[in-house]
Structures are given as C-alpha cells and as structure tokens.
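Chemist: model this:
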Amino acid sequence: MLPYRCMANRTIQRSHYFRFSGIRGEHIAKIWFIEERKQPFGAEFTVIRNYLGDRVRYYRPPIWLGSAQLPWRGLHCFRPLRWSLRYQYAWEKSRQRYLYITHNDVLYTGNILAPMLDRLQGHLAAGPVGQCWNCSASAAGICSPSSFMSYRPTYSEWLRLSSQYPGARADRYPQVVDPDQPWPLPECRVNEWTLLVDLLKARAATMPLGDAVPIGASFGMDTGTQWFHDVMNAGHHIAHVDTFAYARHAWASSTGGGFPALSDRKGVRPW
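Modeler: Model prediction:
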C-alpha cells in the first residue's frame, strides 16, 4: 500500500477520446508548451510560440522545483507545487485521452505517433523503457527492456548483483531501493523524452487522484523512476517501444544526455 492519497481534485477535466486520423499533422490536437522557470544561457522561445500560433497552450509556472526532490510525497497534493513539475500542467489540463510527452532536445526523423498509439493499446503508457546503461542487471546480461517484466530479483539478490556490477550511480541505491519492493529496479523507468500516455488510465493512478507520485517528480533515481515504480507495483502495464527509428534524444549533446547541457554549453554541438 502506498502511503498517501490526495483528496479528489475536482478541477481536473474528464478525459475524452481523441480522434486519430492517420495523417501526421492531425495526430496532434494541442501542443502544451511548458517552459521551465529558469532557462540556461538566456534562451527564449518567442519565435517558436509565434510559429505554433493558436495550436499551442503555454504555461510557465510561478514556482519551479527543477530537479529538487520534495521531502514528503504528500506535498504533491498542493497544486502550485505539483504544477511546478515537468509535464504536470498538461497532464491535468488536457481534454484528450492521450498525451504525448517529449523533451525539447529530441530530433524526430519519422512519424512516431502512429506506431506508439498501436503499441499503447491495453497499456497505461508506451515508450522506451530503461536506463540500462546505468543498471547492474543490464551489465550482468540478465535484464533488458524486453525482459524487465520477468526479471524480479529479491532485495538480497539485488544487493549481491549491484555489488558485483556497480553502476555509475550505485552509491545512491541504498537510499532509493525499497527492501520490500525492490522491483522495478532503481534505474528502470519509461523514458519521458518520447512517451505516449493513456490519460484515462494514468490520471486515475497518479496524484492527485491516485497513489503514484507525478511522473515529473524527481523521486528515486531520476525523473519518472518513482512514478514507474508506483504504477507498476499497482498492477499497471507499460509497453516498451524502441523509438530509435523515429527519434534521437539529446542529438546535439556531446555526452549523449540532456541534463548536462543545462549547465555546460560546451557540451552542446553546433547545428
């Protein structure tokens, strides 16, 4: 049993079905542009907002947590704090059944929405699962995005494995792994740089209506890892989708990751 559930928030709109036509541009009803309160290197987005016109809904939260972790998960029940998280404003405001989440450092090379919608059916969400490059189980060759549902070690088994194959963030494992529920593994999540969510299911499972922390919360190892842990242990299913044929995350980053580029401009390759 998860430790906290918010009182029902009556301001959340009911989900409605969205008609997908099969034409690329018509997969998208509205674009929710969530701008972080603090932008690196003086970045501004007037040109993009003007280009998108009335298809965009823009939100810049007055409070911004960034990657900070709240000390108590129940604080996510307070809307100003919750809406300061990535993705949350669109999560609660959208009137469509499906919400596609993406970062601003993704290069798209194909129509990703049609195959992701097909894969989503019967699942809570669909996207690329895993941060396997950091994971001890992946290094040992016993877990992958296609087998994460079946590889469920006990806590003692995980301790032995992570000591034999320590990942880059292994020093944090004792603080984030729940001995009673060690699965999913601490590095495991559905990566939210290309993620399609069924809001009809996901809203009911996620704060403020359900038990899971918001997907943008930086609980656990990374953004979205605690949400993944919560919804998976509540019995929901998330479909792995290999998005490499359609999208490249952090394509301009010399490190292959998006987060370092927020503070180190040298890590961004010129276009």
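
Chemist: When you work out contacts or count neighbours from here on, use the C-alpha atoms and nothing else.
Modeler: Noted.

Chemist: give the contact list for the residue nearest the centre of the chain.
Modeler: Computing the C-alpha centroid of the chain and ranking residues by Cα atoms, centre = their mean puts Glu192 first, at 3.2 Å. The contact partners of Glu192, by Cα atoms under 8 Å, 6 or more residues apart in numbering, come to Ile101, Thr102, His103, Gly127, Gly224.

Chemist: What of Gly130?
Modeler: Ser144, Pro145, Glu187, Cys188, Arg189, Val190, Asn191.

Chemist: Put together a markdown table for these, with secondary structure and neighbour count on each row.
Modeler: As requested, the contacts of Gly130 are arranged in a markdown table below (DSSP: H, G, I helix; E, B strand; the rest coil; neighbours: other Cα atoms under 10 Å):
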| residue | secondary structure | neighbour count |
| --- | --- | --- |
| Ser144 | coil | 19 |
| Pro145 | coil | 19 |
| Glu187 | coil | 24 |
| Cys188 | coil | 24 |
| Arg189 | coil | 26 |
| Val190 | strand | 26 |
| Asn191 | coil | 20 |
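
Chemist: Out of those residues, which comes closest to Ala43?
Modeler: Nearest to Ala43 out of the contacts of Gly130 is Asn191 (Cα to Cα; 24.4 Å).

Chemist: Distance of that closest one relative to Cys6?
Modeler: 26 Å (Cα to Cα, to the nearest Å).

Chemist: try Asp242
Modeler: 34 Å.

Chemist: all strands for the stretch 101-250 of the chain, in order.
Modeler: 106-108, 125-127, 194-198, 238-240, 247-249 (DSSP state E, counting those that start in this stretch).

Chemist: Adding distance to Arg73 and mean neighbour count as columns, could you present those strands in CSV?
Modeler: Below are the strands of the stretch 101-250 of the chain laid out as CSV (distance: least, Cα to Cα, whole Å; neighbours: other Cα atoms under 10 Å):
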stretch, distance to Arg73, mean neighbour count
strand 106-108, 30, 15
strand 125-127, 22, 27
strand 194-198, 22, 23
strand 238-240, 23, 22
strand 247-249, 29, 18
